[in-house]
Structures are given as structure tokens and as C-alpha cells.
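Participant: The sequence and its predicted three-dimensional model are supplied below.
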Number of protein chains: 2
Amino acid sequence: MIEYSGQPHYLVAVDCIVFGFDGEHLKILLVKRGLEPEINKWSLMGGFVGADESPDDAANRVLKKMTGLEGVYLEQMQIYGEPKRDPIERTLSVGYFALIDIHKYEEQLNDDYEAEWFLINDRPKLIFDHNEMVADARKKLRYKAALHPILFEMLPKKFTIPQLHILFEEVNDTKIDTRNFSRKISSTGLLIKLTEKDRSGSKKGAFYFKLDKKKYAANAQAFLNLMPNLKV
Amino acid sequence: MIEYSGQPHYLVAVDCIVFGFDGEHLKILLVKRGLEPEINKWSLMGGFVGADESPDDAANRVLKKMTGLEGVYLEQMQIYGEPKRDPIERTLSVGYFALIDIHKYEEQLNDDYEAEWFLINDRPKLIFDHNEMVADARKKLRYKAALHPILFEMLPKKFTIPQLHILFEEVNDTKIDTRNFSRKISSTGLLIKLTEKDRSGSKKGAFYFKLDKKKYAANAQAFLNLMPNLKV
DNA sequence: ATTATTAATTGTCAAAACGACAATTAATAA
DNA sequence: TTATTAATTGTCGTTTTGACAATTAATAAT
């Protein structure tokens, strides 16, 4: 049996930056770490890549295990592999960011893992290089969301334009003209207007929309220019 | 001493898709694999991640070792981690794509490694999942180059607009209107016109340009819309 | 020397996209 | 009935885009 002799072996993990939106602010989901070192400190959801799974598989498994959710929007970000990033033993971690409808997880909340949503701008210090990962994920989310219609993934099936508007402002940390925004969103042709209105936010009420799944799938890779005056 | 008991350890490698441009066509640099299995088959430039280096370090080391080049444009692509991708032993590989000035390497060619440039569309079958990596790298190059001025990395210090034009057409596998192209490139403000002309290609001759390093650095992250009628 | 030729470069223009800004509308509360 | 508020639709000048044409700078042919 041939083998690659003498080469060092490492642990390989995945870590997920899970983004959610509560209607006002961008949030991330953190967990209390369950093993030494740094046990009980806040960290990203993560785990080791098992013998029979790919990193993508592992990320999905971790999310499923910790939130109960399947089919979550998940995107590979980059690998974190500085030799000393884990003080115990060399571990390379594949960073992912995930977008989920925050309400789905609130319903699903179980006590097996101590998980909690934090405002992105008011979160505890995290272990290892997880703070760096969050910063990278935020940058990547902003980048991607400026070109591709992915922020819908953080909204419920039915949503209003004003909701989407606030979400875009949150992600980009900027004000966007309401009038131009709705026109631009409409022009993508990705939304289907429903007859029902959301009356919770205003007297007039805002129409609910849903995604046109087919067009969404067809445009997931298209460049859209969703952000005005974009300078990265 | 604490340790992560019972978790499996893997080899971690890097593989580089090295792109070059010969003035007419896009090429990739391949090497004859130097170890079993699949010894002497064509493969990407790669190597294992050493104990004291990050994957980025490893990719740079591999490129330096095999081409003699330093400071090469290198971008992390994604991780390839299917459990069975390497038949000998589980190895995860971090894929990178690199852009180099093809002439720099031709000068530098040494015989320690059997390396050769291949037309991207006329290359030998590669080992393992390297064919998939090349396909992914091409897609990513196209994506990135449509938004960011990175293709300059494949040209010499002095280059002409027609050269750049052909390169864009090659990368995107499409025809681009010459007239609109030069205007768009000029409008980026990234080029400095030199007084010298390249007379090899035509009677009139084409002016040489060089990159405005400062503006290039400032715009490396900016969205530029370098491709007309862009549909991804 | 003059002319034909060729590729590089500059020019034109209508349509579309963009974005600053205003007016209208649909509801509720006073 | 009216005031109020947020959602929605509208206006319009500017900029960008991209299809297409004309000019220019050189060399090669006559």
C-alpha cells in the first residue's frame, strides 16, 4: 500500500457565521463552546470534519444539529489555517456564512446547545480567530449581496419591500433612498406581489411579496447591481 | 495537556491553477506529478501544507519552488474535500488560482520540474479532481475579471490596449467591440499612456501603457463593470 | 512620391440606467 | 371630517451603455 510518508496530519473543522435579521438589525447566532479549551466562551457554530463527509457536509450537519434547520443557505468563505490559530493542536477551519430566517430558529430553539442571537454590532468577544471570521463574513456578505439577490434568504416567505429595504440598509450600513430602492427591486422581476398586506408597520400597510422561485434560481448567478453609488 | 481526542486527522494540500497569456490564448501551467500514485501524469502544481505554514504560505512556496517566481497574484478559491478525492489517503486540498506573466516563467524555466504551458482548451486530462478545479478556476477568473482589474497581472509591465482586448476576449470567450473596449478601459483611469509604441502588430502601431500602481491598489476592491452585456 | 491597405484610435448618438427629489395614495387616529 | 403617517408611484436631468462610423498613423505597393 502506497502512502504519503512523513507528511503532517491536521484536524480540519468548519465554522459557520450564521446571519439573521430581526426586522431591525442584523444579528449573528453564537453558541457557548462545549469543549476545552475556552469552554463556555462564546464562539461560532462549528465542528470537526468527520471521516466520511466533506467540509460542506460537515457545515450542514453542524447547522442541522445545532439549529434543527436543513437546506440553509450556506456559502464557503475561506480557509483559516494559521499554524497557531488553535492553541491545543493544529486545526484548519473552513469558514462558512449562513443566512437564515431568524424566526425559523427562534421557534426551533432547543436547550441542547446554549445558542443566542446577538446584534452584529454588540456581540461578545469570540474565541480564537472567530472575530476575524465574523469581520470577513460581513465583508463577504456585503459584497455578495450587492450583486446577487441573496438577502431574501434572511426574510420569511412573505415579506414587504420596507422590510427588505431596512435589511439592505443594515447589511450595507448606509441609507438608501426608499423610492429608488423599491423601483430597483421591482425591476429585477424576482418578486411576486401578493394581495395581502402587512398592517403592523403603518396605517396604509405594505403589500407582501414572495420570491419568484424560478426567476430567482435563474438569476442567482447574475450580476444585478443592487446597491446605489457602490464603492467597495 | 488538553487535546481533541478521537478526531480524525487529514493531510492538507494546496493546488494552484496557474494562468498565463501568450498574446493569443489563455494557458495553464501543468507539471508531471513526481510521486505515486499517478506518477508522471499531468497535474496542477501542488504540495502539502507544512507544519509551520498556512495554506497561503504553502501556495506561495510551491509556486516559488516550481517557477522561481515570487509575489505572484494568488487567490484562494475553495477547498476540495470529498472524502475519496485522493485514493491513497484522505487529503483536503485548498485550490488557488494564480495569474502570471507567461514570459517571466519562460525565462525562468528550469529542469527540476517538468512543467509545461497548455492551451486552456487543449490540455491533457489531469489527475484526481484537478479537472474540476480548472473548470472552477476558469469560472472564478471570469467572474472576478468582470468586476476587478486583475487581468493586467497576466501582461508584461508594458502592454497595449489591443493585447488587453484579446485577453479579455479569451477569458470571457466572447467578442468585445474594440471601440467600446478601449474607451471603457481608459475610463477606469488605471492606465498611464507611454510615448513608446508597439509596432509588431500593425503598421500604425499601438501605444504602450503601464498600470498606475497607486490607482490600481486603490481600485483593486472596487466594482468596475469591465464586461459589456454581462450575464454570468 | 502617391496610393492602397491595415489596424489603432477617436467620435456619434439613441436608449437605458441611475439617482436626486416630489407628489399621491391608502389607511388609521384624532 | 381632517390630520397624520408610511407606502407607493412619478418626474426629470445626468450619466452610462453599447451599437455603429469616421479618422488617423503608419507601412507596403505602385
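Facilitator: Yes, it's here.
Participant: which residues are contacting stretch A:132-142?
Facilitator: Under the criterion C-beta atoms under 8 Å, 6 or more residues apart in numbering or on different chains, residues A:15, A:17, A:19, A:28, A:44, A:75, A:77-78, A:80, A:95, A:97, A:99, A:120, A:123, A:126, A:171-172, A:232 lie in contact with stretch A:132-142. The C-beta positions use only the backbone N, C-alpha and C, and glycine is treated the same way.
Participant: if you set the cut-off to 6 Å instead, what comes out?
Facilitator: Stretch A:132-142 has contacts (C-beta atoms under 6 Å, 6 or more residues apart in numbering or on different chains) with A:I17, A:M77, A:G95, A:F97, A:V171, A:N172.
Participant: Ok, stretch A:155-167 next?
Facilitator: By C-beta under 6 Å, 6+ apart, stretch A:155-167 touches A:F21, A:D101, A:L151, A:F181, A:S182, A:D198, A:A206, A:Y208, A:K210.
Participant: Could you rerun that using 10 Å?
Facilitator: Applying C-beta atoms under 10 Å, 6 or more residues apart in numbering or on different chains, the external contacts of stretch A:155-167 come out as A:21, A:23-26, A:99, A:101-104, A:145, A:149, A:151-152, A:154, A:176-178, A:181-183, A:185-186, A:191, A:193-194, A:196-198, A:200-202, A:205-211.
Participant: A:L63 and A:L44, how far apart?
Facilitator: 11 Å (C-beta to C-beta, to the nearest Å).
Participant: between these two, what contacts are shared?
Facilitator: A:V14, A:C16, A:V18, A:L29, A:Y96.
Participant: What segments of chain A are strands?
Facilitator: A:11-21, A:26-32, A:42-43, A:45-48, A:73-80, A:91-99, A:115-119, A:159-160, A:191-198, A:206-211 (DSSP state E).
Participant: out of those strands, which comes closest to B:Q221?
Facilitator: Across the strands of chain A, B:Q221 has its closest neighbour in strand A:73-80 (15.4 Å, C-beta to C-beta).
Participant: Can you list the helices and strands that that closest one packs against?
Facilitator: Using 3 or more C-beta pairs under 10 Å, 6 or more residues apart in numbering or on different chains; DSSP states H and E as the contact test, the elements touching strand A:73-80 are strand A:11-21, helix A:55-67, strand A:91-99, helix A:130-147, helix B:55-67, strand B:73-80, strand B:91-99.
Participant: Tabulate the ones you listed in a markdown table, adding columns for mean neighbour count.
Facilitator: As requested, those are exported to a markdown table (neighbours: other C-beta atoms under 10 Å in any protein chain shown):
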| stretch | mean neighbour count |
| --- | --- |
| strand A:11-21 | 25 |
| helix A:55-67 | 20 |
| strand A:91-99 | 25 |
| helix A:130-147 | 18 |
| helix B:55-67 | 20 |
| strand B:73-80 | 19 |
| strand B:91-99 | 25 |
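Participant: Reformat these as a markdown table; add distance to B:A135.
Facilitator: What follows is the helices and strands packed on strand A:73-80, written out as a markdown table (distance: least, C-beta to C-beta, whole Å):
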| stretch | distance to B:A135 |
| --- | --- |
| strand A:11-21 | 24 |
| helix A:55-67 | 17 |
| strand A:91-99 | 20 |
| helix A:130-147 | 21 |
| helix B:55-67 | 19 |
| strand B:73-80 | 11 |
| strand B:91-99 | 11 |
